[in-house]
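J.: Could you look at this predicted model? Sequence included:
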Amino acid sequence: MKIKTNLGSFSLELNEGKAPISSKNFKDYVEKGFYNKTIFHRVIDGFMIQGGGFELDMAQKETHSPIKNEASNGLKNEKYTVAMARTSDPDSATSQFFINTSDNSFLDYPGQDGAGYCVFAKVTEGFDIVDKINSVQTESSNGHQDVPVETVIIEEISTD
Amino acid sequence: MRKYQLIKVDTSALFVSDTHLSEDSPSIINKFNNFLENHASRHDFLFILGDLFEYWIGDDANQFNSVVTTLRKLKTKIYFIPGNRDFLIGPDFLDKTNITLLKDPTLIQLGNKKTVILHGDTLCIDDKEYQEFRKKVRSDKWGKKFLNQGIDKRLEICKDLRIKSYEAQKSKSDSLMDVNENEVKKLFKDLSFPPIMIHGHTHRPKRHQYLFNNHACERWVLNDWYDSGSYLIWKDDQLNPKIL
């Protein structure tokens, strides 16, 4: 998977063996072009960068139904791994994902809430681009914190 | 038991809430310190109606030292009602800053008008999930358990909540996140219809006017500080919203 952003490109490798549901879910969104022209809407330096659910104007995109949480698959929320974002409901992940920008073992199953966050992929190339996004300046915007001052756009995710 | 004394404001008072101060947004911290030094200092009373901080993980974490210093220097009498973000503020912080804690809700008197002040989350009863969560975390047991953990662990719990809260808010409809008007009426009624209510929490600044059984009542909702600083001022027997 190649993620092209306005700050550069990086690559992901899905772990379809250990996270089949999450991987298929991500692939489905990619194949439909869902992620094109979405943004990284929440960036917390030294924690994670989150995206894949909002358009440029911060409007939330309609998603498919939520998927089952596979967080107990043994994959760890290590630096440069990719996990599904969700609400307080463990099985509520849809399109949004986050990239861990440090070792966040406290997000591993069972985590803080008995469910944890499901890692389903890892960054394999373009670590410097992920680092660049991780350290962009953020501000509060429209009632939300940690929003990049200069929008970080996912131009396209392709299956190359 | 100490007898409850009604706080009476004869001169002027400022009301502020939902500043959501966070170490990640130093500009809002600066704005708040300026507000204290240049605005609050000119009045006798300052009422902070919750969510002063984005997260409060315990007095022992020694966070927000510049705000603590500015608050301590202020001669204005400061009262505080905790919000859903900073209900773990404890006696050490209150001591250091010379702030008096009030219960939610509290009845005060502005001129000759009884006024009920509160954070506002208790009015949002349509959000059942939130009310369950509130009940859980506001219990003594939860608070003690949380505060007994190391500071690093507490920060991790907050980080976990930071990934989630946004998504939870987005997936809820607008009306669910606002106050329930029947609950508003009930609170007015329970307190014998004070003419004024002031609260924050919903981030929907507005002056609402009601007529309940011939009682004219007003509900003032304070704004948050995400985009710009703001407060409500009581002066010359009038309330007025101000933007910094």
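T.: Structure received. Source: prediction; values computed, not measured. Residues are numbered from 1 along each chain as shown, chains lettered A, B, ... in the order given.

J.: Those residues of chain A touching chain B, which are they?
T.: A:42, A:44, A:47-48, A:50, A:53, A:60, A:85-88, A:92, A:96, A:98, A:104, A:106-107, A:111-113, A:117, A:138-146 (CB under 8 Å from any CB of the partner chain). (C-beta placed from N, C-alpha, C; glycine too.)

J.: Please pick the buried ones from these.
T.: Neighbour-count burial (16 or more other CB atoms under 10 Å in any protein chain shown) applied to these gives A:42, A:44, A:47-48, A:50, A:53, A:85-88, A:92, A:96, A:98, A:104, A:106-107, A:111-112, A:117, A:138-140, A:144-146.

J.: Could you list which of those residues belong to strands?
T.: Assigned to strands by DSSP state E, the following of these qualify: A:Arg42, A:Ile44, A:Met48, A:Gln50, A:Gly53, A:Phe98, A:Thr138, A:Glu139, A:Ser140, A:His144, A:Gln145, A:Asp146.

J.: so can I have a markdown table of those showing distance to B:Lys206 and pLDDT?
T.: Converted to a markdown table, these look like this (distance: CB to CB, whole Å; pLDDT from 0 to 100):
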| residue | distance to B:Lys206 | pLDDT |
| --- | --- | --- |
| A:Arg42 | 28 | 92 |
| A:Ile44 | 32 | 92 |
| A:Met48 | 35 | 95 |
| A:Gln50 | 31 | 95 |
| A:Gly53 | 29 | 92 |
| A:Phe98 | 35 | 96 |
| A:Thr138 | 29 | 89 |
| A:Glu139 | 25 | 82 |
| A:Ser140 | 21 | 76 |
| A:His144 | 21 | 73 |
| A:Gln145 | 23 | 77 |
| A:Asp146 | 27 | 87 |
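
J.: tell me which element the closest residue to A:Val119 other than its chain neighbours is part of?
T.: Using CB to CB, 6 or more residues apart in numbering or on different chains and skipping residues adjacent in sequence, the residue nearest A:Val119 is A:Leu75, 3.8 Å away. A:Leu75 is located outside every helix and strand, with elements delineated by DSSP states H and E.

J.: In its sheet, which strands sit next to the helix or strand of chain A with the lowest mean pLDDT, and in what direction?
T.: When the helices and strands of chain A are compared on mean pLDDT, DSSP states H and E, strand A:138-141 comes out lowest with a mean of 80. Strand A:138-141 pairs in its sheet with strand A:144-148 (antiparallel), by DSSP bridges.

J.: Distance from the strand it pairs with to the middle of the chain?
T.: Centroid separation for strand A:144-148 versus its chain: 15 Å, with CA atoms, centre = their mean, to the nearest Å.

J.: What are the contacting residues of that strand?
T.: With contacts defined as CB atoms under 8 Å, 6 or more residues apart in numbering or on different chains, strand A:144-148 is touched by A:39-44, A:58, A:133, A:136-141, B:20, B:22, B:24-25, B:54, B:162, B:166, B:226.

J.: I'd like the next helix or strand past that strand.
T.: For strand A:144-148, the following helix or strand on the C-terminal side (DSSP H and E) is strand A:153-158.

J.: gap between that next one and the chain center?
T.: On CA atoms, centre = their mean, the centre of strand A:153-158 falls 12 Å from the chain's centre.

J.: what helices or strands is that strand leaning on?
T.: strand A:2-5, strand A:38-44 (3 or more CB pairs under 8 Å, 6 or more residues apart in numbering or on different chains; DSSP states H and E).

J.: Only the buried residues of the one helix or strand A:Glu13 maps to, if you could.
T.: Using DSSP H and E, the element containing A:Glu13 is strand A:8-14. Within strand A:8-14, the residues scored as buried using 16+ other CB under 10 Å are A:Phe10, A:Ser11, A:Leu12, A:Leu14.
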